[in-house]
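Asks: only geometry, no sequence info:
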């Protein structure tokens, strides 16, 4: 790899950071950051750790980040930030390597990588995923590991491929299934529809392996029903468009590549087409028959993350080779509106938060300000109560309490409820439901209600929105929230 190529990839990485932003405690970080903290500080989270450890124990990601934190003696905030930047760079590098195999021109190669850099936070149909999140998590690592594995398979470097698949397996086991299915399809040189049953059978044992013989509770079924995005027939029309459009685009790209004599690119487009078709069939199988709906949380349609990555790589490369070429104005006309659109979308998702939350910088978000105060001014064993829907409240911006405040709290109705659906053999859904019901009338809480929470769950602190009518002792408050003791 030439130094100028590395330099340009680094520049694209920085550009991607400023387009898509960085939010280390947002959304699923509420699962993974506490898992890391619990490894680094075993005394943390004396209450409710089961809600994040169930996921944390299925991946080596928390242990890897904890190990890097210990080895570098750097603050966790910096390790997460540098890891996030490194993940973007490695994803772009892996994509560039694939583009080098598929496109003969410099314009084609760089246009494919630029397309991906500009569209990292593109939503993936109705899967509740982005192509790449705005924070570090196992998907950040599995994304580039899978792409490196595909690159190795294309170059017939099977030992290198095996190493990247192993890395994927320990970081994100389920993504390994998608990677293996895709690579098997790629290695079948004359892939056609008659091969589909073979590839589907390869995925089957992995899905069935997670099935529990223990009958889930009624609360679990309610939890599953609440997650619309697991069921294809409940997706909106535009989410279905996110499934069907790639079929058309990939077919079209294959034909263009064949007409221009680029048979490797045509083979890649056809492989992605077949891969999506297999996973689409699997998605229908596990979400339409009522008898198999317990398998729906395994979400075969999450394979669309890989489909979108490779589709954008192909589209970008074709655009670069046959449209953009060396015309700077054409490059600007294509990529500036795309980058601006994704940037505006991220600002709208996190309007009360810094676009890039730099490590060590004082937070602007009033909820994060309160969480930071809690982190430094309350006992490690404190247990907090707050609105069970706090992550979707105005100006909260999906920021995780456990991740940012580093303290225990009662279960919430978003992250913990979503996490519980993945484990029908555990009583997580029942516990989440009980705790969220205990604070269901949160906005009308009085002294007797807080006393009941302390008696039932050992809650010693509460976070209230202003204007609050509580008579509690509140040593911290800002423009939006106050942090109060429960005596």
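Replies: Received it, and whenever you're ready, just let me know what you need. Since we're looking at a predicted model, the values are computed, not measured.
Asks: got the contact list for the host helix or strand of residue 343?
Replies: Taking DSSP states H and E as the definition, residue 343 sits inside helix 328-349. Counting by C-beta atoms under 8 Å, 6 or more residues apart in numbering, helix 328-349 makes contact with 15, 18-21, 111, 114-115, 118-122, 134, 319, 323-324, 355, 397-398, all of which sit outside it. Yep, even glycine has a C-beta here, placed from its N, CA and C like the rest.
Asks: what separation do you get for the nearest residue to residue 324 once chain neighbours are set aside and residue 54?
Replies: Spatially, and ignoring its direct neighbours in sequence, residue 324 is nearest to residue 330 (4.7 Å; C-beta to C-beta, 6 or more residues apart in numbering). Distance of residue 330 to residue 54, computed by C-beta to C-beta, to the nearest Å: 50 Å.
Asks: same question for residue 94.
Replies: 30 Å.
Asks: neighbour-wise, which of these two wins?
Replies: residue 94 (25 against 17; other C-beta atoms under 10 Å).
Asks: what is the mean pLDDT for the helix or strand the more buried one falls within?
Replies: In this assignment (DSSP H and E), residue 94 forms part of helix 76-102. If you average the pLDDT over helix 76-102, you get 96.
Asks: picking up where we left off before, generate a PyMOL selection restricted to the buried entries among the contacts of helix 328-349.
Replies: This is the PyMOL syntax for the buried subset of these, where burial follows 16 or more other C-beta atoms under 10 Å:
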select buried, resi 15+19+20+21+111+114+115+118+119+120+121+122+134+319+324+355+397+398
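Asks: buried ones in the helix holding residue 343?
Replies: Buried-residue list, helix 328-349, by 16+ other C-beta under 10 Å: 330, 331, 334, 335, 338, 339, 342, 343, 346, 349.
Asks: quick one: mean pLDDT over that helix.
Replies: Here the average pLDDT along helix 328-349 is 95.
Asks: after that helix comes which helix or strand?
Replies: Past helix 328-349, the next helix or strand by DSSP H and E is helix 366-377.
Asks: which helices and strands sit right next to that following helix?
Replies: helix 401-405, strand 461-465, strand 473-477, strand 481-485 (3 or more C-beta pairs under 8 Å, 6 or more residues apart in numbering; DSSP states H and E).
Asks: so the residue most central in space within the chain, which state does it fall into?
Replies: Against the mean C-alpha coordinate of the chain, by C-alpha atoms, centre = their mean, the closest residue is residue 133 at 5.1 Å. Secondary structure assignment for residue 133 (DSSP: H, G, I helix; E, B strand; the rest coil): coil.
Asks: you'd agree it is up against residue 31?
Replies: No: if you go by C-beta atoms under 8 Å, residue 133 and residue 31 don't touch, sitting 12.0 Å apart.
Asks: quick one: buried residues of stretch 221-235?
Replies: Buried, per 16+ other C-beta under 10 Å, within stretch 221-235: 223, 224, 227, 229, 230, 231, 232, 235.
Asks: ok, the last one to residue 422 distance?
Replies: Distance, residue 235 to residue 422, using C-beta to C-beta: 20 Å.
Asks: and if you look at the first one?
Replies: Noted for residue 223: a distance of 10 Å to residue 422, by C-beta to C-beta.
Asks: quickly list the domain ranges of the chain.
Replies: Segmentation of the chain into domains, based on automatic domain parsing, reads 3-349, 366-485.
Asks: run the chain-centre distance for the longest one.
Replies: Counting by C-alpha atoms, centre = their mean, to the nearest Å, domain 3-349 is centred 9 Å from the centre of its parent chain.
Asks: excluding chain neighbours, what is closest to residue 94?
Replies: residue 147 (3.6 Å).
Asks: find the helix or strand that that neighbour is a member of.
Replies: Here residue 147 is assigned to helix 138-154, by DSSP H and E.
Asks: and residue 444, how many neighbours?
Replies: Neighbour tally, residue 444, other C-beta under 10 Å: 8.
Asks: and what of the one 5 residues further on?
Replies: Counted with other C-beta under 10 Å, the neighbours of residue 449 add up to 17.
Asks: same thing with residue 83?
Replies: Neighbours of residue 83 (other C-beta under 10 Å): 21.
Asks: now do the SS call for the nearest residue to it once chain neighbours are set aside.
Replies: Leaving aside its chain neighbours, residue 83 sits nearest to residue 136 (4.8 Å; criterion: C-beta to C-beta, 6+ apart). Secondary structure, three-state DSSP: residue 136 is coil.
Asks: identify the residues contacting residue 136.
Replies: Taking C-beta under 8 Å, 6+ apart, one finds 24, 29, 32, 65, 80, 81, 83, 84, 87 in contact with residue 136.
Asks: closest to residue 377 out of the residues you listed?
Replies: residue 24 (20.7 Å; C-beta to C-beta).
Asks: was I right about the closest one contacting residue 77?
Replies: Yes: shown here, residue 24 and residue 77 form a contact pair, counting by C-beta under 8 Å, at 6.7 Å.
Asks: show me what counts as buried in stretch 379-388.
Replies: 382, 383, 384, 385, 386, 387, 388.
Asks: the last one reaches residue 411, doesn't it?
Replies: What that stands for is residue 388. Yes: at 7.3 Å, residue 388 counts as touching residue 411 under the criterion of C-beta under 8 Å.
Asks: need the overlap of contacts for those two.
Replies: Common neighbours of residue 388 and residue 411 (C-beta under 8 Å, 6+ apart) are 435, 436.
Asks: give me the distance between residue 345 and residue 134.
Replies: Distance from residue 345 to residue 134, by C-beta to C-beta: 11 Å.
Asks: any residues in contact with both of the two?
Replies: residue 121.
Asks: what about residue 358, how many neighbours?
Replies: Count around residue 358 with other C-beta under 10 Å applied: 12.
Asks: and if you look at residue 103?
Replies: Neighbours of residue 103 (other C-beta under 10 Å): 24.
Asks: thank you, goodbye.
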